[in-house]
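>>> What follows is a protein structure lacking sequence information:
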Ligand SMILES: CC(C)(COP(=O)(O)OP(=O)(O)OC[C@H]1O[C@@H](n2cnc3c(N)ncnc32)[C@H](O)[C@@H]1OP(=O)(O)O)[C@@H](O)C(=O)NCCC(=O)NCCS
């Protein structure tokens with residue numbers, strides 16, 4: 001019999017979370033994207049969290065949700081503007097337990113409730129299957145400059161199906 005998945009909690013980001021979210025960001029890139037990006041590429045990507053003040057401002061300027069297991073942060077997602085997922089990272093020790101699924105379920109509902117008709121994300125090669133499983137479709141292949149490195153990613157988009165109000169027969 002399979003083990004039950006741990007219960008994932010969700011809460012809004014607080015400025016005091018910045019350090020732990022920065023360490024989740026760095027660990028996720030370092031460990032989880034190893035098959036898809038070189039060490040130099042991963043270091044350039046992870047350096048976005050080196051300046052914690054700047055990283056904290058990025059998190060607080062967006063709608064950021066923190067996932068917890070037993071009250072400890074294990075992942076986070078951020079919504080940039082009305083309709084773009086900017087950051088989605090889960091600590092390597094907590095992957096494949098539905099953490100990112102819980103985060104995306106919540107951020108998609110919040111975005112839809114705020115009027116978004118679709119969500120886009122610049123998806124790493126590592127996360128492509130995760131997003132594809134959720135109904136996101138590839139729009140364009142990109143090569144982005146990060147520090148001295150070039151990294152490939154894919155813009156993916158999920159269009160929300162409009163809820164149709166049933167017409168009652170008179
Ligand atoms: C991508 C990421 C956020 C997924 O987090 P997660 O909490 O492990 O995802 P979930 O447990 O909710 O996965 C749900 C499903 O997505 C798919 N999936 C998730 N990670 C996958 C992987 N590495 N390879 C293939 N499929 C994957 C699986 O179908 C999985 O279901 P299963 O475990 O029952 O097979 C995490 O691996 C991560 O932080 N990666 C590194 C950082 C990154 O690339 N972030 C995205 C930036 S756009």
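Structure's in. What do you need? Everything numeric in this text was worked out from a predicted model, so none of it was measured.
>>> what sits up against the helix of greatest length in the chain?
Assignment by DSSP state H gives helix 99-113 as the longest helix of the chain. Contact with helix 99-113 is made by 8, 10, 63, 65, 67, 69, 74-77, 79, 82-83, 85, 88, 90, 119, 130, 134, 158, 160, as judged by Cβ atoms under 8 Å, 6 or more residues apart in numbering. In short, each C-beta sits where N, CA and C put it, glycine included.
>>> In this structure residue 11 contacts residue 71, no?
No. Using Cβ atoms under 8 Å, residue 11 makes no contact with residue 71, being 9.6 Å away.
>>> how about the residues of this protein that lie near the ligand?
Within the chain, the positions lying close to the ligand (Cβ under 6 Å from any ligand atom) are 28-29, 32-33, 88-90, 95-101, 121, 123-124, 126-127, 129-130, 133.
>>> re the thing from before, put the buried members of the contacts of helix 99-113 into a ChimeraX selection.
A single ChimeraX command suffices to select whichever of these are buried according to 16 or more other Cβ atoms under 10 Å:
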select :8,10,63,65,67,69,74,75,76,77,79,83,85,88,90,119,130,158
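>>> Looking at the contacts of helix 99-113, which are in strands?
Among the contacts of helix 99-113, DSSP state E puts 8, 10, 63, 65, 67, 69, 74-77, 79, 85, 88, 90, 119, 158 in strands.
>>> Out of those, name the two that are farthest from one another.
Taking Cβ to Cβ as the measure, the ones in strands among the contacts of helix 99-113 span a maximum distance of 25.8 Å, between 69 and 158.
>>> Skip the chain neighbours and tell me the closest residue to residue 139.
residue 155 (4.4 Å; Cβ to Cβ, 6 or more residues apart in numbering).
>>> quick one: contacts of the helix or strand hosting the one you found?
Secondary structure assigned from DSSP states H and E places residue 155 in strand 149-159. Here strand 149-159 makes contact (Cβ under 8 Å, 6+ apart) with 37, 40-41, 44-45, 108, 117-125, 128, 131-132, 134-144.
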